[in-house]
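Participant: turn this into a structure:
(chains A and B)
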Amino acid sequence: MESSTVQSTTTADSTNWVTVCALDAIAPNTGVNALVGTEQVAIFRFGSTDEVYATGNFDPFSKAFVMSRGILGDRQGVLKVASPIYKQNFNLKTGVCLDDETVSLPVYLARVVEGQVQIEAKG
Amino acid sequence: MDSLVEPRNVSMPNRKQTLVIVGNGMVGHRFLQLMVEKGAGDRWNLITFGEEPRLAYDRVHLSQYFEDKTAADLTLVKPGFYQNSGIKSYVGDRVVEIDRQRQVVKSANGIEIAYDRLVLATGSYPFVPPIQGNDATGTFVYRTIEDLDAMKAYGQQAKTGVVVGGGLLGLECANALKSLGLETHVVEFAPRLMPVQIDETGGAVLKEKIEALGVQVHTSKATTDIVSKNGKLVRMEFADGSSLQTDMIVFSAGIRARDELARNADLQMGERGGVMIDETCQTSDPKVYAIGECASYQGRTFGLVAPGYQMAEVASDGLMGVAAAQQFTGADMSTKLKLLGVDVASFGDNFAKTPGAKELAVTDAVAGTYKKLVVDADGKLLLGGILVGDAEAYGTLLQLMQNQIPLPENPLGLLVAAAAPALSMDQLPDTAQVCSCNNVTKAQLCEAIQCDGITELPTLKQCTAAGTGCGGCVPLVKDILNSELKKAGVEVKNHICEHFPYSRQELYHLLRVGQIQSFDALLEQHGTGQGCEVCKPTVASMLASSWNDYVLNTPHVGLQDTNDSFLANIQKDGTYSVIPRIPGGEITPEKLIVLGQVAQEFDLYTKITGAQRVDLFGARLDQLPLIWQRLVEAGFESGHAYGKALRTVKSCVGSTWCRFGVQDSTSLAIEIELRYRGLRSPHKLKSAVSGCTRECAEAQGKDFGIIATENGWNLYVCGNGGMTPHHALLLATDLDKETLIKYIDRFLVFYIRTADKLQRTSTWFKKLEGGLDYLKQVIIEDSLGIAEELEAQMHHHVDTYQCEWKTTIEHPEKVQRFRHFVNADVADPSLVYVQERGQKRPATEAERAVLSQSQDALIAPVP
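Facilitator: I've put the predicted structure just below:
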């Protein structure tokens, strides 16, 4: 990657957006892991579109930082990612685990602006 | 010994009475099951003796012990059944005396038990003809698992085996010898095989079929002498002056009732042996019952399991005081069997002994089938019949006979395989006995289907026990199931997931017929939604095995499980293990050193796998391309340990080094591994090649395994180790290499095309209707006419193979995906290791807690 620096911009809605990579850097229907501050954030791209979602990269079941390597899909129309280690599924929009509602991933706002993926920086 | 006698409670009628069952074979066990079902627990103390070292097992399917079944598979007793039902069992102890006066039985181990009622279920013993030398070393009988173990052990050093007796059991036994890999002969005294069940023409057809399978049949042969030299069996001599060389002999010339206990206790005997019983299965002493093969009714004994089970019903009814107690009035000796893969059935008045009976028969010399019907004088009712070579109609014919359903205008039509089914399930009365082994009626099956919501054949069999005896009624049970499900409007689904309304097999067909090249196209044409972690890898595997495109190409990369996606095996901490291909387990010292150097350089935990390879653990995602750069330079290729794909072809050193080897197993293993490397399949595929029958490479525990013989190669299929080990099955023997590879090509592609997702070859085989015979027909005889197509698909795979790692490191944009962060050249900061036995391993949670206190910087730069 040409830039390992993090650019952040503050917008009118007061969300602090951080540009992490070009959309092209994410193969369709896969995820990548980004370093946002000290957080590991998994960013997923649906299809060849600019529909992107972001969750924490930490898998609460295996306790490994691997969520970005999960398979994307849907269950009854709910978009989800499956943990690559033990295959639990998580709702991409809410982060809630579909197989155990007491567990969830943190979720982050994500968008594509001029071909660049931006993530909400927390804290 | 009086002190050992447990008192019975004759004086206290409210207390339980004692019922002793002598013999724990199939019938003895069935009797106990029935007693428990009928509520015996409140009325009887049940005590059983069995002389064998194990509880009852399925003697009917004994020869499967030489194929894929273990003693545990054959058991009839559900774990804990005796304990939970309060049945006391003396295993490995034989009752040696009955004292009817005192109502006491004594066992070989000195146990004495006083009984109120006694049931004899002592079964039978194999008849050994009085031939000179019949007790020589190398002679066997075929009755118990111990007999089979002895045959197996002796068979290791034998080349030829002879079965004396060409009846039903004799042919079963010949099958067993054949499974041992022996040149097998059957010697029969009568002029034809199975003289009790089938007629002359049927016998001739059967003989021809069996000889075509490589078993030599000698009829009209009376053995006069068994000759041994130096304590080793050498030949048998016949009355006509001829002789036959052999290494072992198994006597299977019929059975005799084990009635010596009853005889010594002065119970009345049947004219031709067996304990005489009446319609209630009581002997001449009303306190003693006899059931199964040891019993004689009206001078006849019954050497099949179904009549034994009927007697168990009758006796248990009587002992439980069932109001409408059943009676035993003789038995239907109808039977259908698969002997050496040949269907044989015989039912009712098979020899047309009824006055005025007429016979109609069809012989097809080309197909090798013989079918005969015996009808009454008017040709209206079916009285019996014989089927050889194709017994598919058996179930229907038996029902037509038993329920006296009028025959169609031209009954011969019933014998033509392609003809429409003669019997609609609705025609069958509810009372029709579908399974005669376990006495299950159509009404019971319908009730199970309707009330318990059963939709699958295996569940129906399990719940009702129908079809679990001889198995002859299974097609009929299936027809009833399908007919009932159809009536109820149930559609049987085996869709792979919510996104595709198809089974994997159907989807594979659609993909190939439509030449579909991507998941998106398949989803668009045949599915809905976005897909999921079930269908995506399944389709990725189907695409790979059909078109063999590079799996990390853009349309496919998002479909892959993480292992395939990063071409390595993910471990619990999110790092990967790396297994380079070491074909056949053969590696040069130079390459072995490279593996060590790579492991040192990248600090990888190193372990030898069970598949003769080296596994390097703890590789970070970002390290994988660097590691493979080194490995590819040194001449290594991807080992596909991460894929549902061919893993390894294990080998022994074979004739090259080993003093016992008969063929070069290492060279063949390497050739085969290189041929099928990279082949994606429904589940992982393992293989092995052994250079002799000592089988050091454990080929019989693999999806496909090859064992060298002096004449070529034996091919075994559908075995595996792991959680549920399965012994592989012998598909073909003494093949030359070209034929061997042709068969493996066909087998693998047939499996890949038709298996369910994540179904290994052994489970696939279990669900394959028609079993091993069907598989042989498809693979060897090309009965489906698809062999050429299957081979072509494999040739395409072989021609288009590429090392996925070589391709990956040659494409910088593919290597990009292996960085841990898309936006920073930093390694995963969360990984923590400790040292153990001189190597690293992931820290436990407790260790992490301690270590992280001393490590402030969680983010370390990539070294």
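Participant: hey, let's count contacts and neighbours off CA atoms from now on
Facilitator: Fine.
Participant: contacts only, for the residue of the stretch 451-600 of chain B at minimum distance from chain A.
Facilitator: Chain A sits closest to residue B:532 of the stretch 451-600 of chain B, with a gap of 4.2 Å, by C-alpha to the nearest C-alpha. With contact set as C-alpha atoms under 8 Å, 6 or more residues apart in numbering or on different chains, residue B:532 has these partners: A:71-75, B:499.
Participant: that one is in what secondary structure piece?
Facilitator: Here residue B:532, judged by DSSP states H and E, is contained in no helix and no strand.
Participant: let me know the secondary structure of the most centrally placed residue in chain A.
Facilitator: The centre of chain A sits closest to residue A:54, judged by C-alpha atoms, centre = their mean, with a distance of 2.1 Å. Look at residue A:54: counting by DSSP: H, G, I helix; E, B strand; the rest coil, its state is strand.
Participant: pull up the gap between the residue nearest to it when sequence neighbours are not counted and residue B:554, please.
Facilitator: Take residue A:54 and drop its neighbours on the chain: the residue closest to it by C-alpha to C-alpha, 6 or more residues apart in numbering or on different chains is residue A:43, 4.4 Å away. Residue A:43 sits 17 Å away from residue B:554, going by C-alpha to C-alpha, to the nearest Å.
Participant: which other residues reach stretch B:306-318?
Facilitator: For stretch B:306-318, contacts defined as C-alpha under 8 Å, 6+ apart pick out B:27-28, B:30-31, B:34-35, B:38, B:280-282, B:289, B:291-293, B:302, B:325-328, B:330-333, B:436-439.
Participant: so which of those belong to helices?
Facilitator: With DSSP state H as the criterion, helices contain B:27-28, B:30-31, B:34-35 from among the contacts of stretch B:306-318.
Participant: surely residue B:511 is in contact with residue B:521?
Facilitator: No - applying C-alpha atoms under 8 Å as the test, residue B:511 and residue B:521 come out as separate, 9.5 Å apart.
Participant: three-state assignment of the residue nearest to residue A:54?
Facilitator: Under the three-state scheme (three-state DSSP), residue A:43 adopts strand.
Participant: contact partners for the spatially closest residue to residue B:38 that is not a sequence neighbour?
Facilitator: Among residues not flanking residue B:38 along the chain, residue B:320 sits closest, at 7.2 Å (C-alpha to C-alpha, 6+ apart). By C-alpha under 8 Å, 6+ apart, the residues touching residue B:320 are B:35, B:38-40.
Participant: circling back to that earlier point, are any of the contacts of residue B:532 buried, and which?
Facilitator: Buried members of the contacts of residue B:532, counted by 16 or more other C-alpha atoms under 10 Å in any protein chain shown: A:71-75, B:499.
Participant: ok so, going back, between residue B:511 and residue B:521, which is the more surrounded one?
Facilitator: Using other C-alpha atoms under 10 Å in any protein chain shown, the more surrounded residue of residue B:511 and residue B:521 is residue B:511, with 22 against 12.
Participant: coming back round to it: got CSV for the ones in helices among the contacts of stretch B:306-318, with distance to residue A:111 too?
Facilitator: Shown next, in CSV, are the ones in helices among the contacts of stretch B:306-318 (distance: C-alpha to C-alpha, whole Å):
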residue, distance to residue A:111
B:27, 73
B:28, 74
B:30, 70
B:31, 73
B:34, 70
B:35, 72
